[in-house]
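J.: fold the following.
(chains A and B)
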Amino acid sequence: GAVVSQHPSWVICKSGTSVKIECRSLDFQATTMFWYRQFPKQSLMLMATSNEGSKATYEQGVEKDKFLINHASLTLSTLTVTSAHPEDSSFYICSAEYGQANYGYTFGSGTRLTVV
Amino acid sequence: AQSVTQPDIHITVSEGASLELRCNYSYGATPYLFWYVQSPGQGLQLLLKYFSGDTLVQGIKGFEAEFKRSQSSFNLRKPSVHWSDAAEYFCAVGGSGNTGKLIFGQGTTLQVKP
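T.: Below you'll find the predicted structure:
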């Protein structure tokens, strides 16, 4: 149980285009989802907290207009990287909270974004 | 400030040997502590977590971790390492009042020698 599916697993796009990454909770409802970014050989940095039906909460230094987050249903959150540039190339991972608060966070398998 | 430190960036052990990965945290309230494992290009898998109670926590794949409040540590251990344990390990801390945000350590890369 508590499975999160993330798609696509990898994507290559041209500079200036937008890319959408989906994060779905398959067997539970996720009121809250989280989006992380991971640079090679580095740790995960929280980008934003996505709450169903409301605006996402972004961490300091994360550009809201570049990283658009939508959490329109209890099972789906999306991250759209707008006008992507090579410096946006990274590994993006979502996670969802299941059970009561802090009882568990399950992670998606991640999306490798390469902007050329 | 809240933080997690994993002092060892890279560790190499022989297959069958014991393993200990260190994790120190700084957190103002009672911490909720986690260990995750990540294989290359993959997401994170939860190994174990500590919220309260017994300070020695058993996890999956034969891992265990001990919470030591006096040392602000939550070290991960395994008595006998298998080659399939080679991966990146992350320690993370969160709290009940933190609305679910996790703070991750820098990670420790485990290499297993045959």
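
J.: shouldn't B:T108 be in contact with B:Y89?
T.: Yes - in this structure B:T108 lies within contact range of B:Y89 using CB atoms under 8 Å: 5.0 Å. Yep, even glycine has a C-beta here, placed from its N, CA and C like the rest.

J.: out of these two, which sits in the busier spot?
T.: Neighbours were counted for B:T108 and for B:Y89 using other CB atoms under 10 Å in any protein chain shown; B:Y89 has more, 24 against 20.

J.: which ones are touching the more buried one?
T.: Remark: with contacts taken as CB atoms under 8 Å, 6 or more residues apart in numbering or on different chains, B:Y89 is in contact with B:Q6, B:L21, B:W35, B:Y36, B:V37, B:Q38, B:L47, B:L76, B:G107, B:T108, B:T109, B:L110.

J.: restricted to strands, list those.
T.: When DSSP state E is applied, these are split such that B:L21, B:W35, B:Y36, B:V37, B:Q38, B:L47, B:L76, B:T108, B:T109, B:L110 fall in strands.

J.: can you narrow these down to the ones near chain A?
T.: Counting by CB under 8 Å from any CB of the partner chain, the subset of those that neighbours chain A consists of B:Y36.

J.: which two in the ones in strands among the contacts of B:Y89 are spaced the farthest apart?
T.: For the ones in strands among the contacts of B:Y89, with distances taken as CB to CB, the pair at the greatest spread is B:L47 and B:T109 (15.4 Å).

J.: which positions in stretch B:3-23 come out as buried?
T.: If you call a residue buried by 16 or more other CB atoms under 10 Å in any protein chain shown, then stretch B:3-23 has these buried ones: B:V4, B:Q6, B:I11, B:V13, B:L19, B:L21, B:R22, B:C23.

J.: surely the first one forms part of a strand?
T.: Yes - the assignment for B:V4 is a strand, going by DSSP: H, G, I helix; E, B strand; the rest coil.

J.: what's the mean pLDDT across stretch B:45-52?
T.: Mean pLDDT, stretch B:45-52: 90.

J.: can you confirm whether the helix or strand of chain A with the lowest mean pLDDT lies near chain B?
T.: Between all helices and strands in chain A, the lowest mean by mean pLDDT, DSSP states H and E belongs to strand A:105-107, at a mean of 86. Yes - Strand A:105-107 is in contact with chain B by CB under 8 Å from any CB, via A:Y105, A:T106, A:F107.

J.: tell me what the helix or strand just after that strand is packed against?
T.: Past strand A:105-107, further along toward the C-terminus, the next helix or strand under DSSP states H and E is strand A:111-115. Taking 3 or more CB pairs under 8 Å, 6 or more residues apart in numbering or on different chains; DSSP states H and E as contact, the helices and strands that strand A:111-115 lies on are strand A:10-13, strand A:19-25, strand A:90-97.

J.: so what's the residue count around B:K113?
T.: Neighbours of B:K113 using other CB under 10 Å come to 12.

J.: hmm, back to that, by neighbour count, which of the residues of strand A:105-107 next to chain B wins?
T.: In terms of neighbour count, A:Y105 stands highest of the residues of strand A:105-107 next to chain B at 25 neighbours, by other CB under 10 Å.

J.: which residues touch that one?
T.: Shown in contact with A:Y105 (CB under 8 Å, 6+ apart): A:F34, A:S95, A:A96, A:E97, A:Y98, B:F34, B:L46, B:G100, B:L102.

J.: for the first one, list each beta-bridge partner.
T.: Applying DSSP bridges to A:F34 yields these beta-bridge partners: A:T49, A:S95.

J.: check the burial of A:N51 by counting its neighbours.
T.: Neighbour number of A:N51 under other CB under 10 Å is 17.
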